[in-house]
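1. Predicted structure and sequence below. I'll ask about it afterward.
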Amino acid sequence: MPLFKGTKIYSIFTGTCPVCHEGKMYQLKNPYRLSQTLKMHEHCGHCHTKYKIEPSFFYGAMYVSYGVGVAVAIATFVIAYLILGMGRFNTFLTITITLVVLLPIILRLSRNIWINLFFKFDPKKATK
């Protein structure tokens, strides 16, 4: 059994079904296929959980995305400005570039966090 399986952390970072931790939520594994970044399966292939529980369900992930983006920006600032000693302009550029490069990952991570707020791991469905 992989480390953290059965916890929300596992589902968030692996992009697996929040209920069974077996089925993949996204149609493509690579988030950098920009036209396909947010394409999800309708249901889990393992336990048949419906991911989009209501219309516009994932709009709430925008709020999570803001928080994740701010956390990434702060971490980049600490590394660039405080640890590496870059100037303010170079630090700003580093933060901007980091956010643009990590945007597909931030989008998926935000959706994973959002859906895990509403679903709970069910060990019975994991062993089906």
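-> That came through, no problem. Residues are numbered from 1 along each chain as shown.

2. Heading C-terminal from the helix or strand harbouring I97, find the next helix or strand.
-> Secondary structure assignment for I97, by DSSP states H and E: helix 88-116. Elements were assigned by DSSP H and E; along the chain past helix 88-116, the next helix or strand is helix 123-126.

3. Could you check how many residues crowd around L34?
-> Neighbours of L34 under the rule other Cβ atoms under 10 Å: 10. Any C-beta I mention is one placed from the backbone N, CA and C, and that applies to glycine too.

4. now the helix holding I97, how far from the centre of its chain.
-> 11 Å (Cα atoms, centre = their mean, to the nearest Å).

5. From here on, call the first residue 11.
-> OK, 11 is where the count begins now, so the last one is helix 98-126.

6. Which secondary structure elements does it sit against?
-> Helices and strands touching helix 98-126, by 3 or more Cβ pairs under 8 Å, 6 or more residues apart in numbering; DSSP states H and E, are helix 18-24, helix 71-87.
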